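Undergrad: From the sequence below, what's the structure:
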Amino acid sequence: MASYFLHVKTFARGRGGRVTRAAAYRAGERIRDERTSDVYNYTDRQDVAHKEIVLPSEFDGNQDMDWARDRATLWNAAEHAGKRRNSLLAREVLVLLPAELTPAQRVSLVRGFSQDLANRYRSAVDFVIHQPRPGSDSRHHHAHMLMTVREVGVNGMGARTALELSGTERHARGLGPSKADYLALRERWARVTNEALIAAGVAARVDHRSLKDQGINREPSAAIPQKVYYAERRSGRSTDAGDDIRARHRERVEARSKGDDEHARVVAQQRMERSRRPPDAVHGQGHSTRTPRSMLTREELNERRRERHRANAQVLNEKRRERYRQNAEAERQKYREWRRTNAPEVNERRRVWRAANADRVNQRARDYRQRNAERDSAKRWLKMQEQNTHAEQTSRELAGQQAESLLQAARPDVDEALEDARRWLAQSQSQGPLEPGSASAEPFLQRDAPQPGSDDEDEDEDSGKRNRVRDYDSGLE
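TA: Residues are numbered from 1 along each chain as shown. Predicted structure coming up:
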């Protein structure tokens with residue numbers, strides 16, 4: 001049977017709302033937020049059955065209002081109309097459509113209700129009808145009616161609508177409290193829905209009143225918050241918050257079965273327990289003190305992005321370099337494989353290109369050499385200096401090696417001479433000075449005696465004559 005559901009919510013910048021994002025999501029379109037330069041793309045949605053923008057009847061056929069009939073232009077204007085960081089941007093009416101109606105009948109029902117809203121509050125109403133998604137209840141046809149919080153006109157957004165006025169302003173205009181508008185809204189939706197069901201020949205009816213006002217003694221179904229409901233549906237298992245809501249609902253159901261007094265006592269007890277719970281238990285883990293992203297302007301968003309980039313620059317750059325290296329190596333390998341496979345064709349194309357562009361290639365080479373002549377000369381000079389330094393170092397190393405080899409070759413003779421000198425000194429100390437003609441000196445003299453017929457013998461004869469002259473002179477003395 002048909003069910004009644006109507007829910008009103010607002011989109012405020014202070015709570016993180018973006019009406020451009022909301023409109024793009026509901027309509028399945030791509031919208032660029034001109035205030036922040038963010039782009040919202042939901043063109044992959046497949047459940048959008050119908051979408052349309054309704055303006056007040058006084059603008060029918062007015063081409064000057066075409067700006068309001070364009071979804072992106074309309075909601076960007078709404079974003080720019082809200083100057084404050086916590087501005088109210090839009091108001092949405094979410095309704096459940098009877099599954100007993102045909103698609104055309106559902107469109108007609110929502111269009112008529114949206115026109116009533118637009119005429120009453122002089123606002124633009126962007127309504128979208130969604131079909132049930134795969135895996136959900138097949139009867140879950142619903143409509144989103146997104147209303148501007150400011151009146152629309154030829155010159156753009158105007159003053160706030162009567163629904164958004166404060167209590168003082170409404171009293172000054174004689175409008176009464178805004179609660180009366182919401183109650184009238186609920187009643188109006190029930191009436192037009194029943195009229196559509198009657199026109200379609202369906203016996204089912206809906207009622208906007210509570211079960212108590214209808215005289216039905218039954219506990220309403222547990223109201224699971226949207227975030228909790230979708231979290232449980234995604235994970236496939238219950239959550240602590242959902243279990244707590246369902247447990248308190250079962251407690252109220254049992255109390256109602258025992259009587260009104262017991263039900264009233266349990267309801268009062270649950271309200272008292274809820275009021276005594278800490279804020280974190282009621283509202284999650286508390287509210288973040290950080291400014292919501294939707295409240296920031298384009299300059300503030302860019303500054304936040306720059307801060308985040310500076311904080312993660314090293315990690316991001318390393319990831320980018322690693323990704324580039326991997327992609328570059330893959331591309332090089334792919335190119336090499338292609339070159340090997342198509343080597344004849346590649347070489348022929350290269351020869352043809354070089355022949356056709358020989359003048360240009362040669363001119364570019366000459367220009368390059370001319371531009372870099374000084375740099376190339378410096379490189380050549382540095383290379384020559386390095387070569388000369390290396391040659392000098394090599395020559396010194398070779399000279400040192402030759403000197404070491406000569407010293408090693410002469411070392412045996414030097415060692416033997418030193419040994420003879422030590423023996424002579426030891427002999428002279430023990431037996432007195434050795435005469436050249438004595439037997440004790442023969443072992444030391446025979447080693448150096450010249451051999452007959454050698455050049456040393458002639459030298460010794462001359463030296464003997466010189467010795468005799470010196471001895472003769474010594475004898476005269």
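Undergrad: Looking at residue 78 now. What's its pLDDT?
TA: At residue 78, the pLDDT value in this model is 92.
Undergrad: which other helices and strands contact the helix or strand hosting it?
TA: Assigned by DSSP states H and E, residue 78 belongs to helix 71-81. Other helices and strands packing on helix 71-81, by 3 or more C-beta pairs under 8 Å, 6 or more residues apart in numbering; DSSP states H and E, are helix 19-27, strand 30-32, strand 48-54, helix 66-69, strand 88-97, strand 125-130, strand 150-153, strand 156-160. C-betas here are computed from N, CA, C, even on glycine.
Undergrad: So which residues make contact with the last one?
TA: With contacts defined as C-beta atoms under 8 Å, 6 or more residues apart in numbering, strand 156-160 is touched by 67, 77-78, 81, 148-152.
Undergrad: Pick out the residue nearest the middle of the chain.
TA: Nearest residue to the geometric centre of the chain (C-alpha atoms, centre = their mean): residue 316, 8.3 Å.
Undergrad: If you tally nearby residues, what's the number for residue 169?
TA: By the measure other C-beta atoms under 10 Å, the count of residues near residue 169 is 12.
Undergrad: can you pull the contacts of it?
TA: So residue 169 contacts nothing (C-beta under 8 Å, 6+ apart).
Undergrad: That one and residue 8, how far apart?
TA: 20 Å (C-beta to C-beta, to the nearest Å).
Undergrad: Next: residue 240.
TA: Residue 240 is 29 Å from residue 8, by C-beta to C-beta.
Undergrad: Neighbour count for these two, which is higher?
TA: residue 8 (16 against 8).
Undergrad: I'd like to know which elements the strand or helix carrying the more buried one is packed against.
TA: Element membership of residue 8 [criterion: DSSP H and E] is strand 6-12. In terms of contacts (3+ C-beta pairs under 8 Å, 6+ apart), strand 6-12 is packed against strand 88-97, helix 178-199.
Undergrad: The stretch 101-250 of the chain: helices as residue ranges?
TA: Secondary structure of the stretch 101-250 of the chain by DSSP state H, counting those that start in this stretch: the helices cover 103-121, 167-173, 178-199, 226-235, 240-257.
Undergrad: now these in JSON lines, with distance to residue 94?
TA: Converted to JSON lines, the helices of the stretch 101-250 of the chain look like this (distance: least, C-beta to C-beta, whole Å):
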{"stretch": "helix 103-121", "distance to residue 94": "11"}
{"stretch": "helix 167-173", "distance to residue 94": "24"}
{"stretch": "helix 178-199", "distance to residue 94": "11"}
{"stretch": "helix 226-235", "distance to residue 94": "10"}
{"stretch": "helix 240-257", "distance to residue 94": "20"}
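Undergrad: Ok, which of those comes nearest residue 425?
TA: helix 226-235 (106.3 Å; C-beta to C-beta).
Undergrad: Residue 266 touches residue 250, doesn't it?
TA: No - using C-beta atoms under 8 Å, residue 266 is not in contact with residue 250, being 10.7 Å away.
Undergrad: Going by how many neighbours each has, rank those two and give me the top one.
TA: residue 266 (18 against 12).
Undergrad: Is the more buried one located within a helix, as I assumed?
TA: Yes - under DSSP: H, G, I helix; E, B strand; the rest coil, residue 266 falls within a helix.
Undergrad: Quick one: the strands in the stretch 351-477 of the chain, in order.
TA: For the stretch 351-477 of the chain, applying DSSP state E, counting those that start in this stretch gives no strands.
Undergrad: Could you list the low-pLDDT ranges of it?
TA: The stretch 351-477 of the chain contains residues with pLDDT under 70 at 410-411, 413-414, 431-477.
Undergrad: ok, now the stretch 1-150 of the chain?
TA: 1.
Undergrad: got a list of what residue 4 touches?
TA: Contacts of residue 4 (C-beta under 8 Å, 6+ apart): 96, 189-190, 193, 206-208.
Undergrad: Is there a quick ChimeraX command that grabs whichever of those are buried?
TA: Per 16 or more other C-beta atoms under 10 Å, the buried members of the contacts of residue 4 correspond to this ChimeraX selection:
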select :96,189,190,193,206,208
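Undergrad: Closest to residue 57 out of the contacts of residue 4?
TA: residue 189 (19.5 Å).
Undergrad: Contacts for the strand holding residue 8, please.
TA: Strand 6-12 is contacted from outside by 17-19, 22, 86-96, 149, 182, 185-186, 189, 208, using C-beta under 8 Å, 6+ apart.
Undergrad: swap in stretch 132-142?
TA: By C-beta under 8 Å, 6+ apart, stretch 132-142 touches 5, 47, 49, 94-99, 106, 129-131.
Undergrad: Assign the residue nearest to the centre of the chain to helix, strand or coil.
TA: Assignment for residue 316 (three-state DSSP): helix.
Undergrad: Can you tell me the closest non-neighbouring residue to it?
TA: With sequence-adjacent residues excluded and distances taken as C-beta to C-beta, 6 or more residues apart in numbering, residue 316 is closest to residue 309, at 7.0 Å.
Undergrad: what's the helix or strand for that neighbour?
TA: Per DSSP H and E: residue 309 is located in helix 298-311.
Undergrad: rewinding a little: with distance to residue 354 added, can I get the helices and strands packed on helix 71-81 in TSV?
TA: What follows is the helices and strands packed on helix 71-81, written out as TSV (distance: least, C-beta to C-beta, whole Å):
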stretch	distance to residue 354
helix 19-27	54
strand 30-32	48
strand 48-54	58
helix 66-69	59
strand 88-97	64
strand 125-130	62
strand 150-153	67
strand 156-160	63
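Undergrad: I'd like to know which of those lies nearest to residue 326.
TA: So among the helices and strands packed on helix 71-81, strand 30-32 is nearest, using C-beta to C-beta, at 32.1 Å.
Undergrad: in its sheet, what does the closest one sit against?
TA: strand 39-41 (antiparallel) (DSSP bridges).
Undergrad: What residues of the partner strand count as buried?
TA: Buried residues in strand 39-41, counting neighbours by 16+ other C-beta under 10 Å, are found at residue 40.
Undergrad: Now do the lengthiest helix in the chain: distance to the chain's middle.
TA: Secondary structure of the chain read by DSSP state H shows that its longest helix is helix 373-431. Relative to the centre of its chain, helix 373-431 is centred 66 Å away, using C-alpha atoms, centre = their mean, to the nearest Å.
Undergrad: do the same with stretch 321-334
TA: 21 Å.
Undergrad: Compute the first-to-last residue distance for stretch 161-171.
TA: One end of stretch 161-171 to the other measures 14 Å (C-alpha to C-alpha, to the nearest Å).
Undergrad: typo on my end, stretch 150-161
TA: 5 Å.
Undergrad: buried ones in that stretch?
TA: Buried-residue list, stretch 150-161, by 16+ other C-beta under 10 Å: 150-153, 157, 160-161.
Undergrad: Quick check: the two most widely separated of these?
TA: Maximum distance among the buried residues of stretch 150-161 (C-beta to C-beta): 13.1 Å, for 153 and 160.
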